[in-house]
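*Asks:* Here's my sequence, what's the structure:
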Amino acid sequence: MATRLVTFQIAENPPKRLDKALSRDVPEAEALSRTRLARLMADGHVLLNGAEARDPKGKVAEGDSVEITVPVADETHIGPEDIPLDVVFEDDDLIVINKPTGMVVHPAPGTPNGTLVNALLHHCGDTLSGVGGVQRPGIVHRIDKETSGLLVVAKSDRAHQGLAAQFEKHTVERYYNAVVYGVPDANDPRLRGVRGVSFESGNIMRVTTMLARHKTDRQKQAVYFDQGRHAVTRSRIVEAFGSPAVVSLVECWLETGRTHQIRVHMAHAGHGLVGDPVYGGRRKLAEKAIGAKGLAAVQVFPRQALHAAVLGFEHPVTGETVRFEAPLPDDMANLIGALQG
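*Replies:* The predicted structure follows:
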């Protein structure tokens, strides 16, 4: 196996633990994450003053010499597939894709191929420099199979680390368009009694809960207040449809990014997404309110009406602030057109 040698010295005032010292002092250009360094230590690829260093808690001192033998990225076991991609942006370190509905992001037992990762392996080819020691695209966030829109993927280890850190700190700008049942308005007295739901100035609905797996259905997420992971979703009304209004287009943005977060939170507030087979539920709407065309469009819409429309972040290598937008896909645009009509 081909390798490269990374050498450096421990700087002044090092942390007491070897793993922390390595993470602090390894040259930034090498793009070796703390997780990757731990794996290299465990595999015997780290020498401290010429001696093998496998203990992450080992002692370290200023001036100690470090040699790390880094294996060149192995090829992934996932196969490349020639699947067309809507590429919004691409450079040596990352790629931004406008994902179509129906595409799974990463292979899994139920979907071993036809995924975004398969398509990226074909599209990127040898331009993938390796993420975590494997020649593969770095998935730092996902959107559901039937959700369309923007997704950023790392092509290099340094981009993967930088993007992952931004998602962990919740500094990535993510806006979604959704078509929901009802109108999430501050003047609705029902919403005042829903735990976790509040309103901010500008008629912005804020949903704050914990999210965790459903107790009986492991494929679903559920709202809790005493367990799970903290989750915050904000939304505002873009347009309401019907007389009286019974459906609305809303813009949602994430403070956190949990599995199914928007779908679960909007359903918790009583405004499930149109077409959502898991959380939205089919609701009876009066033809008199939205007309025959609008009613038919809602009834036959085949997926959750959710689109990742805006994605903004700091480029992890150049430091430039970048922001991308993707227009509504045809099915959602047609749904909205029918409701407007």
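
*Asks:* In this structure, where is pLDDT below threshold?
*Replies:* 1-2, 72-77, 109, 129-136 (pLDDT under 70).

*Asks:* Quick check, central residue of it?
*Replies:* When the chain is reduced to its mean C-alpha position, the closest residue under CA atoms, centre = their mean turns out to be residue 141, at 2.4 Å.

*Asks:* Not counting its neighbours along the chain, what's nearest it?
*Replies:* residue 167 (5.6 Å; CB to CB, 6 or more residues apart in numbering). C-beta coordinates here come from the backbone N, C-alpha and C atoms, glycine included.

*Asks:* which element is that neighbour on?
*Replies:* helix 157-168 (DSSP states H and E).

*Asks:* One more: residue 251?
*Replies:* Per DSSP H and E: strand 245-254 holds residue 251.

*Asks:* who's in contact with the next helix or strand after the helix holding residue 167?
*Replies:* Downstream of helix 157-168, the next assigned helix or strand under DSSP H and E is strand 173-181. Outside strand 173-181, the residues that touch it by CB atoms under 8 Å, 6 or more residues apart in numbering are 149, 235, 238, 246-254, 257, 262, 266, 271-275, 280, 283, 285, 301, 304-313, 323, 328, 332, 335-336, 339.

*Asks:* Tell me if I'm right that residue 225 and residue 208 touch.
*Replies:* No: counting by CB atoms under 8 Å, residue 225 does not reach residue 208; the two are 9.5 Å apart.

*Asks:* who's more crowded, these two?
*Replies:* residue 208 (17 against 10; other CB atoms under 10 Å).

*Asks:* Can you mark which positions in the helix or strand containing the more buried one are buried?
*Replies:* Per DSSP H and E, residue 208 falls inside strand 204-213. Buried residues in strand 204-213, counted by 16 or more other CB atoms under 10 Å: 204, 205, 206, 207, 208, 209, 210, 211, 212.

*Asks:* relative to strand 245-254, how tilted is that strand?
*Replies:* Strand 204-213 and strand 245-254 are oriented at 70 degrees to each other (axes from the mean of the first three to the mean of the last three CA atoms, to 10 degrees).

*Asks:* Off-centre distance for strand 204-213?
*Replies:* Distance of strand 204-213 from the chain centroid (CA atoms, centre = their mean, to the nearest Å) equals 17 Å.

*Asks:* Using PDB, write down the CA coordinates of it.
*Replies:* Taking only C-alpha atoms (Å, rounded to 0.1, in the frame of the first residue of the first chain), the coordinates of strand 204-213 have been written out as PDB:
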ATOM      1  CA  ILE A 204     -42.300  33.600  12.900                       C
ATOM      2  CA  MET A 205     -43.300  30.300  14.400                       C
ATOM      3  CA  ARG A 206     -40.600  28.700  16.600                       C
ATOM      4  CA  VAL A 207     -40.800  25.000  17.500                       C
ATOM      5  CA  THR A 208     -38.400  23.900  20.300                       C
ATOM      6  CA  THR A 209     -38.500  20.200  21.500                       C
ATOM      7  CA  MET A 210     -36.300  17.200  21.900                       C
ATOM      8  CA  LEU A 211     -36.300  14.600  19.100                       C
ATOM      9  CA  ALA A 212     -35.700  10.900  19.400                       C
ATOM     10  CA  ARG A 213     -36.700   7.600  17.700                       C
END
